[in-house]
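**Student:** got a structure for you, letters missing:
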């Protein structure tokens, strides 16, 4: 089964998250600190936690502001739902259910007193007493009629009276639950021998009654089967670490004492022992094996077998951990990382060591924090999901925060791989753990009002900008990376400049008048001032870069900066004034002066056609703004793009064609 949706209520900062969808493989939760992401994972873990994980405690877990309701008895802990989940069933599970239940979903709720309640969502309703009352009365009457005939006409009402007593007080809307129908089912079993077996109508009536009162039993059996299939929820926190050197005897004492702080500290170590298949006491005892007397051959062999068993299991665990970690850590010849992870026992000490490609062994704590975290993660995961590895759900709280950004990106792929077999939900602040192609997997967690508590949004929406920060950073990183993918780059002041250049270049190419090099990438900087930054970064990566600047004040200021001149040289800085004649401070729109005047009139009812022809020196944008204060450069550029789809280069004026041919030639020359 796969988790489809979840809801958390009445847990710490959470009043009610609302029902939120869970993805089939991997779900990512983002949100600011203190939003309640960890609380959501902790509550979900209690649906079916690994052994030794404590359940809910109202004193610690019920929302503190409402706790007085518990102490006064206004709210009973057994009536407080905390975590509710809904699962979709797989084909094998559906095949085990009665046919009318196979399309249902499995819902499980864990309450504050730790009782679990489950049901089938979407299953047909349990039949009610009203649906069988007539058939039941008629069957009883038929049996009494048969008895009357057998008794030579002496009237009998025994079975009708029995049935009336069995259903006394029942209302038509009462569901036929297995508990309610217990005695009625006994009566129906006895009725098999009392009806005339030649009477097909009554036989069919009896079958209908048995089917109706058996529906709830079928459902109980289905729920019992599905409860055994309920996945284990494995929560991994950054606090769980495997220690590099463990004194087995001391660890056994701490674990047996069940002291909270020590148990928390030793959680990673106890998981390592679970993975190895030993208790701390067993490994300690094996390390204290005394030499038997020379004539005790059998004891000597037993001791040897125990030590070999320990050695072989340690070796098997080492191989498994090494294999998993290598897939993530990806050691290279230029920068060797972990070559082999080894778990070794030496007397009372259990050590986790890393062996590099030279054969040198160092303790785990001498490696990076990121590598220690990764080892601890796999130890806890394999240990807690050992018995139900194929049916475990991973809950990861801020995974991989100590990993380098690029290692986090690699670990994101590992999470995707794990989620194919083990459905995974994880929280993160890191943009490197959220791929730009994974935005549909994101759930935004926010806490804007303490009185309302934590909310989880299935759609990417939030009134708190901090909640969306990892998504913005992920998109920003991918955008930045895309800047360095092309060898030739033309930096433009804004998006509308790129639209004009692309649309006009397409018209000229189609007409065979000019062709812009298709290997040139257009990079928009959003303003003239930022052109300098983009050009500097791109040239630092040894890429070919040119910039096209308007000849207005902002463009003049950018073009005169020493940094830009040094980065691009005079040839790499293209100015609009070099490609249009007569305009005093031309912008890119002035290269399409006549055409844009007509478009502005047709599309926006701004008529400056004659004015643009008469006042040649004045930039067209200044005229449009003066004519209509609501004028938008963005809308004009969009309108030109639409115009270009229905027109050809011949619809441009001769001056416009000449200007753009000259500009395209200049761009190609600067970036050849």
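**Tutor:** The structure has been received and is ready for your questions. Remember, it's a predicted structure, so these values are computed and weren't measured experimentally.

**Student:** all strands of the stretch 451-600 of the chain, in order?
**Tutor:** 455-457, 488-492, 520-524, 544-549, 573-575 (DSSP state E, counting those that start in this stretch).

**Student:** residue ranges with poor pLDDT in the stretch 151-300 of the chain?
**Tutor:** Within the stretch 151-300 of the chain, the segments meeting pLDDT under 70 span 237-241, 244, 255, 257-266, 286-296, 299.

**Student:** circling back to that earlier point, mind putting the strands of the stretch 451-600 of the chain in TSV, mean neighbour count and mean pLDDT included?
**Tutor:** Heads up, the C-betas are built off the backbone N, CA and C, glycines and all. Converted to TSV, these look like this (neighbours: other CB atoms under 10 Å; pLDDT from 0 to 100):
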stretch	mean neighbour count	mean pLDDT
strand 455-457	21	88
strand 488-492	24	91
strand 520-524	19	87
strand 544-549	24	92
strand 573-575	20	93
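
**Student:** could you dump the ones you listed into JSON lines and include distance to residue 356?
**Tutor:** Below are the strands of the stretch 451-600 of the chain laid out as JSON lines (distance: least, CB to CB, whole Å):
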{"stretch": "strand 455-457", "distance to residue 356": "44"}
{"stretch": "strand 488-492", "distance to residue 356": "42"}
{"stretch": "strand 520-524", "distance to residue 356": "42"}
{"stretch": "strand 544-549", "distance to residue 356": "42"}
{"stretch": "strand 573-575", "distance to residue 356": "52"}
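
**Student:** looking at these, which is nearest to residue 306?
**Tutor:** strand 455-457 (50.5 Å; CB to CB).

**Student:** most remote residue from the chain's center?
**Tutor:** residue 152 (76.4 Å; CA atoms, centre = their mean).

**Student:** that one should be in a helix, yeah?
**Tutor:** No. Using DSSP: H, G, I helix; E, B strand; the rest coil, the assignment for residue 152 is coil, not a helix.

**Student:** so how far is residue 581 from it?
**Tutor:** From residue 152 across to residue 581, the span is 126 Å (CB to CB, to the nearest Å).

**Student:** can you check residue 503 too?
**Tutor:** Counting by CB to CB, the gap from residue 503 to residue 581 is 22 Å.

**Student:** mind pulling up the pLDDT for the closest residue to residue 123 other than its chain neighbours?
**Tutor:** Closest residue to residue 123 apart from its sequence neighbours, by CB to CB, 6 or more residues apart in numbering: residue 104 at 4.0 Å. pLDDT for residue 104: 95.

**Student:** low-confidence ranges in the stretch 451-600 of the chain?
**Tutor:** Checking the stretch 451-600 of the chain against pLDDT under 70 turns up 459-485.

**Student:** so residue 503 and residue 581 - more neighbours on which side?
**Tutor:** residue 503 (17 against 12; other CB atoms under 10 Å).

**Student:** which SSE is the residue lying closest to the more buried one once chain neighbours are set aside in?
**Tutor:** Sequence neighbours aside, residue 644 is the residue nearest to residue 503 in space, at 4.1 Å (criterion: CB to CB, 6+ apart). Residue 644 is part of helix 633-645, with elements assigned from DSSP states H and E.

**Student:** next secondary structure element downstream of that helix?
**Tutor:** helix 654-670.

**Student:** give the buried residues for that following helix.
**Tutor:** 656-661, 663-664, 666-668, 670 (16 or more other CB atoms under 10 Å).

**Student:** can you check stretch 145-154 too?
**Tutor:** 146-147.

**Student:** how far off centre is it?
**Tutor:** Centre-to-centre, stretch 145-154 and its host chain are 71 Å apart (CA atoms, centre = their mean, to the nearest Å).

**Student:** contacts for it, please.
**Tutor:** 155-156, 158-159, 194-196 (CB atoms under 8 Å, 6 or more residues apart in numbering).

**Student:** what do you get if the cut-off is 6 Å, keeping everything else the same?
**Tutor:** Residues from elsewhere that reach stretch 145-154 (CB atoms under 6 Å, 6 or more residues apart in numbering): 155-156, 196.

**Student:** of the residues you listed, just the buried ones, ChimeraX syntax please.
**Tutor:** The buried residues among these can be selected in ChimeraX (16+ other CB under 10 Å) with this line:
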select :156
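
**Student:** return the subset of the contacts of stretch 145-154 lying in strands.
**Tutor:** Among the contacts of stretch 145-154, no member falls in strands (DSSP state E).

**Student:** present the contacts of stretch 145-154 as a markdown table; the columns should include distance to residue 44.
**Tutor:** Putting those into a markdown table (distance: CB to CB, whole Å) gives the following:
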| residue | distance to residue 44 |
| --- | --- |
| 155 | 64 |
| 156 | 60 |
| 196 | 58 |
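
**Student:** of the contacts of stretch 145-154, just say which sits nearest to residue 113.
**Tutor:** Minimum separation from residue 113 among these (CB to CB) is found for residue 156, which lies at 51.5 Å.

**Student:** now the nearest residue to that closest one once chain neighbours are set aside: phi and psi?
**Tutor:** Closest residue to residue 156 apart from its sequence neighbours, by CB to CB, 6+ apart: residue 147 at 3.9 Å. As for residue 147, its main-chain torsions (degrees, to the nearest 10) stand at phi -70, psi -40.

**Student:** now do residue 147, the pLDDT please.
**Tutor:** Reading off the model, residue 147 has pLDDT 83.

**Student:** show me what secondary structure element comes after the host helix or strand of residue 215.
**Tutor:** Following DSSP H and E, one finds residue 215 within helix 200-228. Next helix or strand after helix 200-228 toward the C-terminus (DSSP H and E): strand 232-236.

**Student:** that next one: partners in the sheet, and parallel or antiparallel?
**Tutor:** strand 392-397 (parallel) (DSSP bridges).

**Student:** show me what the helix holding residue 215 is packed up against.
**Tutor:** Using 3 or more CB pairs under 6 Å, 6 or more residues apart in numbering; DSSP states H and E, the elements in contact with helix 200-228 are helix 133-150, helix 182-191.

**Student:** surely the residue nearest to residue 123 and residue 119 touch.
**Tutor:** No. Taking CB atoms under 6 Å as the definition, residue 104 is not a contact partner of residue 119, at 9.1 Å.

**Student:** so these two - more neighbours on which side?
**Tutor:** residue 104 (20 against 14).

**Student:** contacting residues around stretch 528-548?
**Tutor:** Taking CB under 6 Å, 6+ apart as the rule, stretch 528-548 contacts 484, 487-493, 523, 525, 554-555, 558, 561, 563-564, 567-568, 572-574, 670-671.

**Student:** now, among the contacts of stretch 145-154, which is nearest to residue 173?
**Tutor:** residue 156 (31.4 Å).

**Student:** please tell me how far the closest residue to residue 217 other than its chain neighbours sits from residue 218.
**Tutor:** Spatially, and ignoring its direct neighbours in sequence, residue 217 is nearest to residue 178 (5.0 Å; CB to CB, 6+ apart). According to CB to CB, residue 178 stands 9 Å off from residue 218.

**Student:** same question, residue 383
**Tutor:** 38 Å.

**Student:** against which helices or strands is the longest helix along the chain packed?
**Tutor:** In the chain, assigned by DSSP state H, the helix with the most residues is helix 297-329. On a contact count with 3+ CB pairs under 6 Å, 6+ apart, helix 297-329 meets helix 267-276, strand 340-346, helix 369-384, helix 405-421.

**Student:** make a markdown table out of those and add distance to residue 170 and mean neighbour count.
**Tutor:** Shown next, in a markdown table, are these (distance: least, CB to CB, whole Å; neighbours: other CB atoms under 10 Å):
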| stretch | distance to residue 170 | mean neighbour count |
| --- | --- | --- |
| helix 267-276 | 52 | 22 |
| strand 340-346 | 64 | 18 |
| helix 369-384 | 48 | 22 |
| helix 405-421 | 49 | 17 |
